[in-house]
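S.K.: The sequence isn't on hand, but the structure is:
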């Protein structure tokens, strides 16, 4: 096996292990969430069987890979727009500092409070949609 194929197999193995770990962590916590993984975990086929860990891991991997390009494009356009509008950039940074304080990574509730950030992202997507309308 050449080096490329070996590296590819190792990368695929790492991604699969990550997907399995996400599913196992969710199963172990038994925490009920309102998200796609929970919906897939609750699903039963026509025989009453729930999806296997491997099937659920495939869904997790799909969630991550499917949004990669559109997310990267949206973030790139957002940074571009902020570079062209220093006032908007300052307002956004102020909101983030006010809500986060010394914390580096926001939790879900803090993100929900970021009204200006939400407006910035929505305006960017309005101006530069990741998926063309026509």
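M.R.: Done, it's in. Please read all numbers here as calculations on a predicted model, not as lab measurements. Numbering: from 1, shown residues only.
S.K.: Show me the domain layout of this protein.
M.R.: Per automatic domain parsing, the structural domains of the chain span 3-66, 68-127.
S.K.: nearest to residue 133, of those?
M.R.: Among those, the nearest to residue 133 by Cβ to Cβ is domain 68-127 (10.6 Å). (Each C-beta comes from the backbone N, C-alpha and C, glycine too.)
S.K.: Show the average pLDDT along the closest one.
M.R.: Mean per-residue pLDDT for domain 68-127: 94.
S.K.: go on, stretch 37-55?
M.R.: 88.
S.K.: thinking again about what came up before, columns mean neighbour count on top of the domains of the chain, output as a markdown table?
M.R.: Shown next, in a markdown table, are the domains of the chain (neighbours: other Cβ atoms under 10 Å):
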| stretch | mean neighbour count |
| --- | --- |
| domain 3-66 | 12 |
| domain 68-127 | 13 |
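S.K.: any chance you could map the helices in this protein?
M.R.: 3-29, 36-42, 53-66, 68-84, 86-100, 108-113, 115-127 (DSSP state H).
S.K.: Kindly present those helices as a markdown table, with separate columns for distance to residue 133.
M.R.: Below are the helices of the chain laid out as a markdown table (distance: least, Cβ to Cβ, whole Å):
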| stretch | distance to residue 133 |
| --- | --- |
| helix 3-29 | 32 |
| helix 36-42 | 25 |
| helix 53-66 | 20 |
| helix 68-84 | 14 |
| helix 86-100 | 24 |
| helix 108-113 | 27 |
| helix 115-127 | 11 |
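S.K.: Look up how far residue 5 lies from residue 14.
M.R.: From residue 14 across to residue 5, the span is 15 Å (Cβ to Cβ, to the nearest Å).
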